[in-house]
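# Model the structure of this input:
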Amino acid sequence: MVDSGVDPREAEKERLRSQAAAAAEAASLAVTVGDLWPTYLAEGRPKRREAWKPRYLADLKTMSNAGGEPKKRGQGLTRPGPLFPLLQMPLKSIDEDRLKEWFDVEARSGRHQATRALMMFRGFLRWCAGHPKYRSLADREAARAPALAESLPSVAKRTDCLEAPQVAGWFRGVEALANRTASAYLQCLLLSGARREEMAALKWVQADLRWRKLTLADKVDDERVIPLTAYMATLIAGLPRVNEFVFASDSMTGHIADARSSHEKALQHAGIDRLTFHGLRRSFSILGEAAGAPAGAIAQIMGHKPSATAEGYRPRSIDALRPFAELIEQRILALAGIEFEADAGQAPALRLVAA
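Sure, this is the predicted structure:
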């Protein structure tokens, strides 16, 4: 080797470097999505957020669950989550073709569920691409490939809301529900404009019946405080204190988890074809505008940022918000044909003023 001009020491170093590179390449090819998933759940976070929201973190775990456990309701075993098959794959091997094959299989069971799982996986790939240790293993754009985008269901902008003549029938249908907790919950959604998860997770310590305030876990900020209007306060005060949650249930979370079946019964009773929970939130905004409340006050109560153009981005105090919240509630109750005295001190009942 010396006679041929090769330094044996350098040749040995090069051989060792090649072996180390080959071992590193083999190790990287062996890293699966499942190897990194627990780290992602522990250290990852969504865009412009410091940490996962508890509900979204729970959804991430459910979507990636292995299944095979006895169902909490009904018989049989739970199915694997739609993300579980991806956890078995080497991260390096996931490209647009592999994701397209996975998505097509999962879409047979539920296209919208598969779409939501894909959106979650996009976040995982973005996290990997931003991590120096895993950057070389992940194709950040794989989940945004045109072939996948063409398979996604179209997103239609929802515009459903309660029209003024429908409010009375909706209240009658909700009041007729046998489940009083669900009845109060649905009415509070309409009267506060809150997101369904925010209101469902409300705890008794967050419901200040003395000073008439509600503290909600906010989607945009960590929390927001809104006025507790008179009728809503009476609804809440009439509920039994079963556990720490205002809208308690025997669900795994301890609070009302899904009131869609109750809402469907109320809608059928009222003769209303379709109204989503977000439609109730939209109804609060529209009815609030009709009542004469400023757009900024409505947005602040709902958890939207007030319009900087329209109102100079002026967050209002609780005392400043309260008259507008009461104004909106009075408007809704008037449309519902409900007479209510704030000092009645008992759970409200519907009293029809005009048919």
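# could you point out which element follows the helix or strand of the chain with the lowest mean pLDDT?
One helix or strand of the chain scores below all others by mean pLDDT, DSSP states H and E: helix 308-311, with a mean of 46. Per DSSP states H and E, the first helix or strand lying C-terminal to helix 308-311 is helix 318-336.
# where does the nearest residue to residue 129 once chain neighbours are set aside land on pLDDT?
Excluding the flanking residues, the one nearest residue 129 by Cβ to Cβ, 6 or more residues apart in numbering is residue 140, at 3.9 Å. Any C-beta I mention is one placed from the backbone N, CA and C, and that applies to glycine too. If you check residue 140, the pLDDT there is 85.
# I'd assumed residue 123 was in contact with residue 140.
No - in this structure, residue 140 is not within contact of residue 123 by Cβ atoms under 8 Å, at 10.8 Å.
# okay, those two: which has more neighbours?
residue 123 (17 against 14; other Cβ atoms under 10 Å).
# quick one, what contacts residue 214?
By Cβ atoms under 8 Å, 6 or more residues apart in numbering, the residues touching residue 214 are 192, 202, 206, 207, 208, 225, 226, 227, 228.
# Give the partner strands of the host helix or strand of it in its sheet and their orientations.
For residue 214, the host element (DSSP H and E) is strand 213-217. The pairing partners recorded for strand 213-217 under DSSP bridges are strand 207-208 (antiparallel), strand 223-227 (antiparallel).
# in that strand, what's buried?
213, 214, 215, 216, 217 (16 or more other Cβ atoms under 10 Å).
# Run through the bridge partners of the fourth one.
Per DSSP bridges, residues listed as beta-bridge partners of residue 216: residue 224.
# Compare the strands paired with strand 213-217 and give me the one nearest residue 316.
strand 223-227 (10.1 Å; Cβ to Cβ).
# contacting residues around the closest one?
Applying Cβ under 8 Å, 6+ apart, the contact partners of strand 223-227 are 192, 194, 212-218, 300-301, 303, 318, 321-322, 325-326.
# Could you check the angle it makes with helix 318-336?
Angle of strand 223-227 versus helix 318-336, following axes from the mean of the first three to the mean of the last three Cα atoms, to 10 degrees, is 60 degrees.
# Need the CA coordinates for strand 223-227. CSV is fine.
Written as CSV, here are the backbone C-alpha positions of strand 223-227 (Å, rounded to 0.1, in the frame of the first residue of the first chain):
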residue,chain,number,x,y,z
GLU,A,223,-59.1,31.2,28.9
ARG,A,224,-61.6,33.9,28.6
VAL,A,225,-64.1,35.4,31.1
ILE,A,226,-67.6,36.3,29.9
PRO,A,227,-70.6,37.6,31.6
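# ok now that strand, how far from the chain's centre?
On the basis of Cα atoms, centre = their mean, to the nearest Å, strand 223-227 is displaced by 18 Å from the centre of the chain it belongs to.
# cool, stretch 322-333 as well?
That offset, for stretch 322-333, works out to 27 Å (Cα atoms, centre = their mean).
# Tell me the buried residues in it?
Neighbour-count burial for stretch 322-333, counted by 16+ other Cβ under 10 Å, picks out 322, 324, 325, 326, 327, 328, 329, 330, 331, 332, 333.
# just stretch 114-129 next, same as before
For stretch 114-129, burial by neighbour count (16+ other Cβ under 10 Å) applies to 114-115, 117-118, 120-128.
# Now intersect these with the helices, please.
Among those, DSSP state H puts 114-115, 117-118, 120-128 in helices.
# contacting residues around residue 99?
The contact partners of residue 99, taken as Cβ under 8 Å, 6+ apart, are 118, 121, 142, 143, 145, 148.
# how about those residues, which pair is most distant?
121 and 145 (12.5 Å).
# can you list the buried residues of stretch 114-129 in TSV and add pLDDT and distance to residue 3?
Listed next are those as TSV, based on pLDDT from 0 to 100; distance: Cβ to Cβ, whole Å:
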residue	pLDDT	distance to residue 3
114	91	66
115	91	67
117	93	64
118	92	62
120	92	62
121	93	58
122	91	59
123	91	60
124	93	56
125	92	53
126	91	56
127	91	54
128	91	50
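# Return the member of those nearest to residue 290.
The nearest one, if we look at the buried residues of stretch 114-129 relative to residue 290 and count by Cβ to Cβ, is residue 115, at 35.1 Å.
# Quick check: closest non-adjacent residue to the closest one.
Using Cβ to Cβ, 6+ apart and skipping the chain neighbours, the partner closest in space to residue 115 is residue 152 (5.5 Å).
# Tell me which residues touch the residue nearest to residue 129, please.
Listed by Cβ under 8 Å, 6+ apart, the contact partners of residue 140 are 125, 126, 128, 129.
# let's see it at 10 Å
Applying Cβ atoms under 10 Å, 6 or more residues apart in numbering, we find residue 140 in contact with 122, 125, 126, 127, 128, 129, 130.
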